[in-house]
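Novice: sequence? don't have it. structure:
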């Protein structure tokens, strides 16, 4: 790992133009993590090291101008124009909602089970006004009575798998969790996303808190209340038979009866929902002769949120949950490599 | 039943003043169903017949003026002032959120199990500016790790039980469902509310539809789509193991994959949520050596919504769900009678 410390490096206005130029001489890839509400751009050298990062709020639902008025080009220029001005031939890859029906160009889902080659085969191109061609990674679709889709997470998952390289680990069935607005849990094996589940935990939490009676008595605490959180997790695990529609009302009634302060209610509700998510995941795993208990799993996402999940997972007997950092950058690099967009040097940071 | 056709009768401006006066000569009780977003007032004669009804949007969270500025008095005068001007000595009873901590005066919850006598014993009084005394019925609290509360529904439940009078039916354990924003399911026996559950089904449906990604692709159909509704119910019943946080995402993915039109999505989501509610209720009943299948139960509430529940209940083997009409008016009359506020004539409509 050569890249320690480099991943959060932003284009620094204090840097001299000469230093920036020197970096751009080594530019080998631009990669975009382009979601609904944000856009992050990464500039890599041929060894897969991130040389610079740019972030903006120009997600596909938050473009500076409408798509018809060139909003995608504007956002792309704003994020990468300075890099491309000096290194116009650098290839560009993008993953996330930019490839959805509401994105710049639709990259149709590839079916699960899907490996990195399937993603590469599904890449769709769009020519930007500046002359660059964006290679857009498709999402993954799992068909069935309850279909599931992901866009962006597939790239993060391959970023996490990249670490395993050709290790024996890669052949084992493993579980990867991606907490967030729409939390994903993917079963991976032999370098493939076998199947996955979506839990709308983050978005439902927000909707309950902001738009139902539950939020009216809540006060945000100065710092997360782990005790209240665990209480919620354990209620969902042990007393959750009636389901989430029933248990969430206790955030109110425990308040009414003086058993939960206003400051405790947000973390209690968060614990309830994450607890229901994990109980639901456990029920699905049980059907697959599997279990959370004793599982060695990986988590990808916001560190504080992943820490919440680690604490909750321990209540389900899962004490080996490893946080995978930089999964997005790794995944974008890995897919670009596999697609032949870059020829990594032997010492490449993310080879796999 | 002498009262057929009288329950929705509003004070009719076409009526002559003389006719209104004649009615008020027989006024024996004013009863208020005073909730969060609405206020309904009923005027009864001594036989328990509803002589007139008034409805307003002056729920306790929707008063014309703040409580400090006399908002409760204003709303009460607006609803009942004309009646009280001519019949100032008529007793007044009220149930619902008007007795909550945010209401006119707090009527502390009585503990479950609770019978009508317990409610009567818990009545709290408040003197209105106009001179009338309101008798406010308390709600019911079920203590425990997941406490439950109701305010207003206890009165409706006793309204439904009143029908049983002294019949043998009253001794049997029975289930009463009250669909709505916060759906309640109560187990009643021997004239007591033994225990109950709350499901935030209606409010969660609204929050998901209005404030999450699920609503973005929904279009309200011209008329309810029973097929889409049943599809949701059956998914929740048969494929709901992962829980509601997981299944609701299918309202989106079935749309993305062309399996559910925009117009079908609202009823599908409604079916999913009601299906999860009933599956949760079934899980709780199972723990009590009971089941929805073969159950003879009663439903109280909006007729169209209760019809949805009847259709959904049939998917759980429960084909005997009877809609109880006028439960609120019956319950208010019954509690007022039991409290000695009225001395019903022998032919009283709601005696029980």
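Specialist: Noted; the coordinates are in hand. All values derive from a computational prediction rather than experimental measurement.
Novice: so what does the lengthiest helix in chain A touch, helix or strand wise?
Specialist: As assigned by DSSP state H, the longest helix anywhere in chain A is helix A:265-287. Packed against helix A:265-287 by the contact rule (3 or more CB pairs under 8 Å, 6 or more residues apart in numbering or on different chains; DSSP states H and E) you find strand A:192-199, helix A:201-211, helix A:226-239, helix A:244-247, helix A:250-256, helix A:303-314, helix B:244-247. Placement of C-beta: from N, CA and C, glycine included.
Novice: pull out the buried residues from stretch A:239-253.
Specialist: Buried positions in stretch A:239-253, judged by neighbour count with 16 or more other CB atoms under 10 Å in any protein chain shown: A:240-253.
Novice: for the record, mean pLDDT for the longest helix of chain A?
Specialist: Mean per-residue pLDDT for helix A:265-287: 97.
Novice: strand partners (parallel or antiparallel) of the next helix or strand after that helix?
Specialist: Once the chain leaves helix A:265-287, the next helix or strand it forms, by DSSP states H and E, is strand A:296-299. The partner list of strand A:296-299 in its sheet, established with DSSP bridges, is strand A:174-178 (parallel), strand A:320-323 (parallel).
Novice: in the stretch 251-352 of chain A, what residue lies closest to chain B?
Specialist: Closest contact between the stretch 251-352 of chain A and chain B, by CB to the nearest CB, is at residue A:280 (3.5 Å).
Novice: what's the angle between the longest helix of chain A and helix A:303-314?
Specialist: Following axes from the mean of the first three to the mean of the last three CA atoms, to 10 degrees, one obtains 60 degrees for the angle between helix A:265-287 and helix A:303-314.
Novice: helix A:265-287 vs helix A:201-211, what angle?
Specialist: Using the same axes, to 10 degrees: helix A:265-287 against helix A:201-211 is 150 degrees.
Novice: pull out the buried residues from helix A:265-287.
Specialist: Within helix A:265-287, the residues that count as buried by 16+ other CB under 10 Å are A:265-282, A:284-285.
Novice: who in the stretch 201-350 of chain A is up against chain B?
Specialist: Applying CB under 8 Å from any CB of the partner chain, we find that the stretch 201-350 of chain A lies next to chain B at A:201, A:203-204, A:206-208, A:210-214, A:235, A:239, A:241-250, A:253-254, A:256-257, A:259, A:273, A:276-277, A:279-281, A:283-284, A:287.
Novice: could you chop chain A up by domain?
Specialist: A:17-168+A:328-338, A:201-323 (automatic domain parsing).
Novice: check the offset of the first one from the chain's centre.
Specialist: In other words, domain A:17-168+A:328-338. Distance of domain A:17-168+A:328-338 from the chain centroid (CA atoms, centre = their mean, to the nearest Å) equals 13 Å.
Novice: measure residue A:155 to residue B:295 for me?
Specialist: 50 Å (CB to CB, to the nearest Å).
Novice: again with residue A:147
Specialist: Residue A:147 sits at a distance of 34 Å from residue B:295 (criterion: CB to CB).
Novice: now do residue A:91
Specialist: Distance from residue A:91 to residue B:295, by CB to CB: 65 Å.
Novice: mean neighbour count and mean pLDDT added to the strands paired with strand A:296-299, as TSV?
Specialist: Below are those laid out as TSV (neighbours: other CB atoms under 10 Å in any protein chain shown; pLDDT from 0 to 100):
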stretch	mean neighbour count	mean pLDDT
strand A:174-178	23	96
strand A:320-323	16	96
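Novice: dump the ones you listed to JSON lines, plus distance to residue A:340.
Specialist: JSON lines is the format used below for the strands paired with strand A:296-299 (distance: least, CB to CB, whole Å):
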{"stretch": "strand A:174-178", "distance to residue A:340": "26"}
{"stretch": "strand A:320-323", "distance to residue A:340": "31"}
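Novice: so which of the ones you listed is nearest residue B:70?
Specialist: strand A:174-178 (54.2 Å; CB to CB).
Novice: so after that closest one, what's the next helix or strand?
Specialist: strand A:183-189.
Novice: next, the angle helix A:303-314 makes with that following strand.
Specialist: If you take the same axes, to 10 degrees, strand A:183-189 sits at 70 degrees to helix A:303-314.
Novice: in strand A:183-189, what's buried?
Specialist: For strand A:183-189, by 16+ other CB under 10 Å, it's A:183, A:184, A:185, A:186, A:187, A:188.
Novice: then stretch A:80-94?
Specialist: So for stretch A:80-94, counting by 16+ other CB under 10 Å, buried means A:80, A:82, A:83, A:84, A:87, A:90, A:91, A:92, A:93, A:94.
Novice: kindly check the end-to-end length of it for me.
Specialist: Its start and end residues considered, stretch A:80-94 measures 12 Å (CA to CA, to the nearest Å).
Novice: one step back: how much distance is there from the longest helix of chain A to the middle of the chain?
Specialist: Relative to its parent chain, helix A:265-287 has a centroid offset of 19 Å by CA atoms, centre = their mean.
Novice: by how many degrees do that helix and helix A:226-239 diverge?
Specialist: Going by the same axes, to 10 degrees, helix A:265-287 makes 40 degrees with helix A:226-239.
Novice: can I get the buried residues of stretch A:239-253 in CSV with pLDDT?
Specialist: Below are the buried residues of stretch A:239-253 laid out as CSV (pLDDT from 0 to 100):
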residue, pLDDT
A:240, 96
A:241, 95
A:242, 97
A:243, 98
A:244, 98
A:245, 98
A:246, 98
A:247, 98
A:248, 98
A:249, 98
A:250, 98
A:251, 98
A:252, 96
A:253, 97
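Novice: which pair of those spans the longest distance?
Specialist: Most distant of these, by CB to CB, are A:241 and A:252, 19.4 Å apart.
Novice: near chain B, which residues of the stretch 1-150 of chain A show up?
Specialist: Along the stretch 1-150 of chain A, the residues adjacent to chain B under the rule CB under 8 Å from any CB are A:101, A:141, A:143, A:145, A:146, A:147, A:148, A:149.
Novice: let's go with 7 Å and repeat that
Specialist: Residues of the stretch 1-150 of chain A that fall close to chain B, judged by CB under 7 Å from any CB of the partner chain: A:145, A:146, A:147, A:148, A:149.
Novice: wait, the fourth one sits on residue A:199?
Specialist: No - applying CB atoms under 7 Å as the test, residue A:148 and residue A:199 come out as separate, 10.5 Å apart.
Novice: looking at these two, which is more packed in?
Specialist: Between residue A:148 and residue A:199, counting by other CB atoms under 10 Å in any protein chain shown, residue A:199 is the more crowded of the two (29 against 22).
Novice: thinking that one is in contact with residue B:246, fair?
Specialist: Yes - the criterion here is CB under 7 Å, and residue A:199 meets it with residue B:246 at 5.1 Å.
Novice: give me the common contacts of these two.
Specialist: Taking CB atoms under 7 Å, 6 or more residues apart in numbering or on different chains as the criterion, residue A:199 and residue B:246 both touch residue A:280.
Novice: sorry, back to before: which ones among the buried residues of stretch A:80-94 map onto strands?
Specialist: A:92, A:93, A:94 (DSSP state E).
Novice: redo the residues you listed as TSV? Include pLDDT.
Specialist: TSV is the format used below for those (pLDDT from 0 to 100):
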residue	pLDDT
A:92	98
A:93	98
A:94	98
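Novice: list just the nearest of the residues you listed to residue A:219.
Specialist: After measuring those against residue A:219 - CB to CB - the closest member comes out as residue A:94, at 40.4 Å.
Novice: ok, now which ones touch that closest one?
Specialist: By CB under 7 Å, 6+ apart, the contact set of residue A:94 is A:32, A:34, A:134, A:136, A:137.
Novice: so which of those residues is the most crowded?
Specialist: Busiest of the contacts of residue A:94 [other CB under 10 Å] is residue A:137, holding 31 neighbours.
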